[in-house]
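[1] Please work out how this folds:
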Amino acid sequence: MTKTPIPTTPTGAGGRTEEPKHPHPNAKRGITVGAFGGFIASITFIGIMLWLPLIFSVPVGIFLHALGLSVIKPVQTNSIVVSGDIIHIGLAAFGLVLAQGVIVGIILGIITNKIKRLFITSKKRGIGFGLATGLIAYVVLFVSVILSTYPSLLDNSLNTYPHTIPASLEGSHNTHTSATVTVQSAFISMILGYGLFAYLVYGFILGGILTWATSVYKFNLSKSVELEKYK
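    Below you'll find the model as predicted:
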């Protein structure tokens, strides 16, 4: 029975097999690698956004809590939010960010593994694709939400936890309304800047993982071709 030949790759000096410049197009591989890269990058993104409140001297997680309010409406008893709802709101925010990151990673993974012109052929190219993806996600998914629905969500979060408003931002009249408006304005501008940093880190990690995965695949492919020669 005749064996189906495996595509050969050029050999370098000394007969050494070189890694193929372009991997074989494979959408399934792109989905797998993209999902993995998006998951890892999203965890890092969540870590950055989770500790963002420390800059404003407010409790850790309040920004993610505001995002979670878009999914779950808390139940209050005597102006106190039920502790179980706080956990559910946090998990909802975590799930939203994680799903977003994985989906974006899958899209980039499919594009860079299916379209030959966009194959990752070097570390610089892979990191560049990752950073570009981070910028696109920042504009489409982050800025649009922050400037549209997020202010009202943040306002609800601050109204739920009025004690989180820093004393330095309470306003000259020391009223809850003026404090909330002042804090919201300061938070939104800072969130946009810090969010850009978070998305660039996300894109850098995503691009790095896709580059690593492509390099491993090409190395394994070259080794399989080399071993086939000795059979």
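
[2] and the longest helix along the chain, what's its mean pLDDT?
    Scanning the chain for the helix with the most residues, using DSSP state H, yields helix 176-228. For helix 176-228, the mean per-residue pLDDT is 79.

[3] Then stretch 69-86?
    pLDDT averaged over stretch 69-86 gives 60.

[4] Any idea how far apart the tips of it sit?
    Stretch 69-86 has its terminal residues 10 Å apart, counting by C-alpha to C-alpha, to the nearest Å.

[5] all helices for the chain, in order.
    Under DSSP H, the chain gives helices at 27-51, 53-56, 62-68, 83-114, 123-137, 144-148, 150-160, 176-228.

[6] Name the residues of the first one that come out as buried.
    Spelled out, that is helix 27-51. 29-31, 33-38, 40-42, 44-46, 49-50 (16 or more other C-beta atoms under 10 Å). (Glycine included, C-beta is placed from N, CA and C.)

[7] again, but for the fifth one
    Of the residues in helix 123-137, those scored as buried under the neighbour-count criterion (16+ other C-beta under 10 Å) are 125, 126, 127, 129, 130, 131, 133, 134, 137.

[8] mind listing what the third one touches?
    Translated: residue 127. Listed by C-beta atoms under 8 Å, 6 or more residues apart in numbering, the contact partners of residue 127 are 204, 207, 208, 211.

[9] That one and residue 154: what is the separation?
    Separation of residue 127 from residue 154 (C-beta to C-beta, to the nearest Å): 33 Å.

[10] one step back: with respect to residue 96, which of the contacts of residue 127 is nearest?
    residue 204 (21.6 Å; C-beta to C-beta).

[11] My guess is the closest one contacts residue 131. True?
    Yes. Under the criterion of C-beta atoms under 8 Å, residue 204 makes contact with residue 131 at 6.1 Å.
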